[in-house]
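Asker: Mind folding the following:
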Amino acid sequence: MSNKVTKAIFPVAGLGTRFLPATKSVPKEIMTLVDRPLVQYAIDEARAAGIEEFIFVTSRGKGALEDYFDHAPQLEEELKRKGKDDLLEILQSTNMDSGEVAYIRQHKALGLGHAVWCARRLIGDEPFAVMLPDDVIAADKPCLQQMVEAYQETGGNMVAAMEVPADKASSYGVLDIAEDMGALVSVKGMVEKPAPGTAPSNLAVIGRYILSPQILKNLNNRTAGAGGEIQLTDAIAKEIGGAEGVFGFRFNGERYDCGSKAGFLQATVAFGLAREELRDDLESYLHAIISARKAAQ
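Answerer: Now for the predicted structure:
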């Protein structure tokens, strides 16, 4: 089996209920940070890591997500006619060529493990990445690219990991560490959403994975885990101690949880401040708000 990673699964079937009423008609994944949809940040990161095939696990009501990646000939012609070449270039960078993208339906919300399992026939006997668009990571070198480079040395299964406060560990899958090697850790256990005070470490799994096809076989039994859902963490944990093993990877970058309103707003501010053409106006506005609040207190 080659250890070149060219396929990625994007589980995007969730209803986005935390963002209602917006998500009544707009898939959460195409809500924008500044002027780019959440899913575009994930796609750009995947492309930088060498991903060539993009597999979206969707559900009813996600048609706008599929349309987003399609070509828009009328809009392109209008931009050409008006000489707006910079906007045309941006627009064309979002297009996905025929055969590059595939869509699979998850008919029941049975968990992340089930969503990944739904794409099994498109993965075959190859290693693959899983990317959760809710986790947006700002990094000089994209997170998945960092992982792919490390994976060339380790093989096996790899999960992105970051330290979290002890009182937040119960919201994550948490690693039990066998050996800490700096950026890499070897894993001897994984616990999905441990009860408060029982987490084996503060190293939490976030939404980037590189997995062997054996994980899909482990998901075949579709056994429910924490929360009554089919957990991807459980399928990965079965490979601990095996020939390929499981590794955690501490990435360099800032992760934003855009599945929450607070995280989405934080990311919007951070990405806005990172844009040179927006920075001065946004900084002035934020300083004015902070000064006004302090004066009111």
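
Asker: Identify the residues contacting residue 245.
Answerer: 154, 156-157, 186-187, 239 (Cβ atoms under 8 Å, 6 or more residues apart in numbering). Every C-beta, even on glycine, is put in place using the N, C-alpha and C of the backbone.

Asker: out of those, who has the most neighbours?
Answerer: residue 187 (28 neighbours; other Cβ atoms under 10 Å).

Asker: ok, longest helix in this structure?
Answerer: For the chain, the longest helix by residue count, based on DSSP state H, is helix 276-296.

Asker: ok, so of the contacts of residue 245, who is nearest residue 43?
Answerer: residue 157 (23.0 Å; Cβ to Cβ).

Asker: where are the low-confidence patches of the stretch 51-200 of the chain?
Answerer: Within the stretch 51-200 of the chain, not a single segment meets pLDDT under 70.

Asker: Which parts of it are strands?
Answerer: Per DSSP state E, counting those that start in this stretch, the stretch 51-200 of the chain carries strands over the ranges 53-58, 101-105, 128-131, 135-138, 157-163, 173-180, 184-192.

Asker: Please identify the most buried of those.
Answerer: strand 128-131 (a mean of 25; mean count of other Cβ atoms under 10 Å).

Asker: which residues touch that strand?
Answerer: 5, 7-11, 42, 45-46, 49, 51, 116, 144, 147-148, 207-211, 213, 232.

Asker: Could you do stretch 183-193 as well?
Answerer: Contacts for stretch 183-193 (Cβ under 8 Å, 6+ apart): 150, 154, 159, 161, 170-179, 198-200, 203, 205, 225-227, 231, 233-234, 236-237, 240-241, 245-250.

Asker: ok so, going back, tell me which residues of the longest helix of the chain are tucked away?
Answerer: Within helix 276-296, no residue qualifies as buried by neighbour count (16 or more other Cβ atoms under 10 Å).

Asker: Does it pack against any helices or strands, and if so which?
Answerer: Applying 3 or more Cβ pairs under 8 Å, 6 or more residues apart in numbering; DSSP states H and E, we find helix 276-296 packed against helix 261-273.

Asker: Now do the helix it packs on against helix 276-296, angle only.
Answerer: With axes from the mean of the first three to the mean of the last three Cα atoms, to 10 degrees defining the directions, helix 261-273 sits at 130 degrees from helix 276-296.

Asker: Packing partners of helix 261-273?
Answerer: Packed against helix 261-273 by the contact rule (3+ Cβ pairs under 8 Å, 6+ apart) you find strand 32-33, strand 135-138, strand 254-257, helix 276-296.

Asker: Of these, give the one that comes closest to residue 56.
Answerer: strand 135-138 (16.0 Å).

Asker: For the closest one, C-alpha coordinates in CSV please.
Answerer: This file holds the C-alpha atoms of strand 135-138, laid out as CSV (Å, rounded to 0.1, in the frame of the first residue of the first chain):
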residue,chain,number,x,y,z
ASP,A,135,-12.0,23.5,12.5
VAL,A,136,-10.4,26.4,10.7
ILE,A,137,-6.6,26.5,11.3
ALA,A,138,-4.5,29.6,10.5
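
Asker: Note down every partner strand of it and its orientation.
Answerer: strand 254-257 (antiparallel) (DSSP bridges).

Asker: Name the surrounding residues that touch the partner strand.
Answerer: 134-139, 162, 206, 263-264, 266-267, 270.

Asker: and if you look at stretch 63-72?
Answerer: Stretch 63-72 is contacted from outside by 12, 26-27, 29-30, 37, 39, 56, 58, 91, 94-96, 101, 103, using Cβ under 8 Å, 6+ apart.

Asker: nearest to residue 288, of those?
Answerer: Taking Cβ to Cβ as the measure, residue 288 lies nearest residue 37 of the contacts of stretch 63-72, at 29.0 Å.

Asker: where's that closest one relative to residue 12, distance?
Answerer: 11 Å (Cβ to Cβ, to the nearest Å).

Asker: Overlap in contacts, these two.
Answerer: Residues touching both residue 37 and residue 12 (Cβ under 8 Å, 6+ apart) are residue 29.

Asker: Neighbour count: those two, which is higher?
Answerer: More neighbours surround residue 12 than the other of residue 37 and residue 12, with 26 against 21 (other Cβ under 10 Å).
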